[in-house]
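*Asks:* just the structure for this:
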Amino acid sequence: MTTAPASEYAVYRGAEGSIKKSTAKIPQLGPKEILVKITHSGVCATDLAYVEYGIALGHEGVGTVEAIGSDVTQFKVGERAGGGYHRNSCGHCSYCLSGQDIWCYERSVFGETDYSNGTFG
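*Replies:* Coordinates of the predicted model:
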């Protein structure tokens, strides 16, 4: 018997002044994205500062690659991978090309975008 891939995952969000479990939908992978099943994470002071905003907590997680996008060449399914505060950038602006991608105007960082993408679980 084959099991269908999960369409949701558990996240922990700030709610009513504390941290509570909820669910979020797994988005469809883009060509340059990977899906990581988190095995290790934590909540630090930065996460606690976001409890009142209801976003998914955790920005320092590591786990196992479960799926890869069509253009991914650095990772294979089953390998270890991690994620942090800075999650994405355009890769072609002057900031990205000079190693300063944290300043990219198209960046994605914890607390600014993708409010369901937390690593604490």
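*Asks:* can you pull out the strands in this structure?
*Replies:* If DSSP state E is used as the criterion, the strands of the chain fall at 8-15, 18-25, 34-40, 61-68, 80-83, 86-88, 108-109.
*Asks:* what's the spacing between the first one and its chain's center?
*Replies:* Put simply, strand 8-15 sits 12 Å off its chain's centre (CA atoms, centre = their mean, to the nearest Å).
*Asks:* now that strand against strand 18-25, angle please.
*Replies:* Interaxial angle of strand 8-15 relative to strand 18-25 (axes from the mean of the first three to the mean of the last three CA atoms, to 10 degrees): 150 degrees.
*Asks:* so which residues make contact with strand 8-15?
*Replies:* The contact list for strand 8-15 (CB atoms under 8 Å, 6 or more residues apart in numbering) reads 19-26, 43, 50-58, 116, 118, 120-121. The way it works is simple: take the backbone N, C-alpha and C, and place the C-beta from them, glycine included.
*Asks:* can you do 10 Å?
*Replies:* Contacts to strand 8-15, defined as CB atoms under 10 Å, 6 or more residues apart in numbering, come from residues 18-26, 35, 37-38, 41, 43, 47-58, 115-121.
*Asks:* list the buried residues of that strand.
*Replies:* In terms of neighbour count (16 or more other CB atoms under 10 Å), strand 8-15 has its buried residues at 9, 11-14.
*Asks:* can I get it in PDB? Just the C-alpha atoms.
*Replies:* Included here for strand 8-15 are C-alpha records, laid out as PDB according to Å, rounded to 0.1, in the frame of the first residue of the first chain:
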ATOM      1  CA  GLU A   8       0.200  19.800   5.900                       C
ATOM      2  CA  TYR A   9       2.700  20.000   8.600                       C
ATOM      3  CA  ALA A  10       2.800  21.000  12.300                       C
ATOM      4  CA  VAL A  11       4.000  24.400  13.200                       C
ATOM      5  CA  TYR A  12       4.200  26.200  16.500                       C
ATOM      6  CA  ARG A  13       2.900  29.800  16.600                       C
ATOM      7  CA  GLY A  14       2.500  32.500  19.100                       C
ATOM      8  CA  ALA A  15      -1.100  32.700  20.100                       C
END
